[in-house]
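A.B. asks: Build me a structure from this.
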Amino acid sequence: MRYPLTGLLTVAVCAVLAGASSFAAITDWLHDLDDQARDQLGFGDQIADRPVFRTKGQLAIDICTDAYADGVVFDFAGGDEVYGNCTQLREFFDDRQQAYVLRVASNFMLTLNPETRMTCAKAIALLATDERRWQVRSAGAGSKGQRWYAWACCRTRDVSRAGRVHYQIMTIRGSRADIRLAASAE
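C.D. replies: Residues are numbered from 1 along each chain as shown. The predicted structure follows:
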């Protein structure tokens, strides 16, 4: 659907002057106009329904739901920190017993056993004290040479709504020296 540029700019400026501070608020301002005002701006009856705004995690759930309905089977799903911070997405995958790899923030809380909870950063610092727990592997050549990643595995006791125990693998980029640096920073 195409709208007149002058009308779009006018709506945006007027909505912001009226206090709108997001695209959703600008859209709400436009929908709140009477028919005559919309006609004068060049929108007439061609204005779309109010959009439904969704987070990236919610959009991922929608996409995966459609894919599952079409019979698509994933070996695993992956995503960056935006997706890893979405509890709904992690629960969605857990409920379907879908394997997933999602990055989480360093302050993400892990439950190692019923009595021990700590952040990812703290767990990495503790693991860094024992080099035998780490494996260093190349992820191939990058623009600046080999990309080395250090991997350590830490079993957690986070239990999903479906009662499954989670297993998480934490990664650190860099060399063994970087792992020692992480341990000394704690």
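A.B. asks: buried ones in the biggest strand by length in the chain?
C.D. replies: The strand that spans the most residues within the chain, counting by DSSP state E, is strand 145-159. Going by neighbour count (16 or more other Cβ atoms under 10 Å), the buried part of strand 145-159 is 148, 150, 152, 154, 156, 158. The way it works is simple: take the backbone N, C-alpha and C, and place the C-beta from them, glycine included.
A.B. asks: Pick the one among those residues closest to Val136.
C.D. replies: Using Cβ to Cβ, Ala150 comes nearest to Val136 of those, at 5.0 Å.
A.B. asks: pretty sure the closest one is touching Ser138, no?
C.D. replies: No: between Ala150 and Ser138 there is no contact under Cβ atoms under 8 Å: 11.1 Å.
A.B. asks: re the thing from before, partner strands of the longest strand of the chain, with direction?
C.D. replies: strand 134-142 (antiparallel), strand 165-173 (antiparallel) (DSSP bridges).
A.B. asks: weakest of those strands in terms of mean pLDDT?
C.D. replies: Lowest mean pLDDT within those: strand 165-173, a mean of 61.
A.B. asks: can you map out the helices along this structure?
C.D. replies: Taking DSSP state H, the helices of the chain run over residues 5-17, 23-32, 35-40, 56-69, 81-84, 87-95, 120-128, 176-185.
A.B. asks: any low-confidence regions in the chain?
C.D. replies: Low-confidence segments of the chain (pLDDT under 70): 1-3, 45-52, 157-186.
A.B. asks: Touching, Thr111 and Thr156? I think so.
C.D. replies: Yes: between Thr111 and Thr156 there is a contact at 5.8 Å, judged by Cβ under 8 Å.
A.B. asks: who touches Gly71 in this structure?
C.D. replies: Counting by Cβ atoms under 8 Å, 6 or more residues apart in numbering, Gly71 makes contact with nothing.
A.B. asks: how far away is Gln97 from Ala77?
C.D. replies: 12 Å (Cβ to Cβ, to the nearest Å).
A.B. asks: So for these two, which sits in the more crowded spot?
C.D. replies: In terms of neighbours (other Cβ atoms under 10 Å), Ala77 is the more surrounded of Gln97 and Ala77; the figures are 19 against 9.
A.B. asks: backbone phi and psi for the spatially closest residue to Thr55 that is not a sequence neighbour, please?
C.D. replies: Nearest non-adjacent residue to Thr55, counting by Cβ to Cβ, 6 or more residues apart in numbering: Cys86, 6.5 Å away. With angles defined as degrees, to the nearest 10, Cys86 sits at phi -90, psi 100.
A.B. asks: Can you get me a residue count around Cys86?
C.D. replies: With other Cβ under 10 Å as criterion, Cys86 counts 20.
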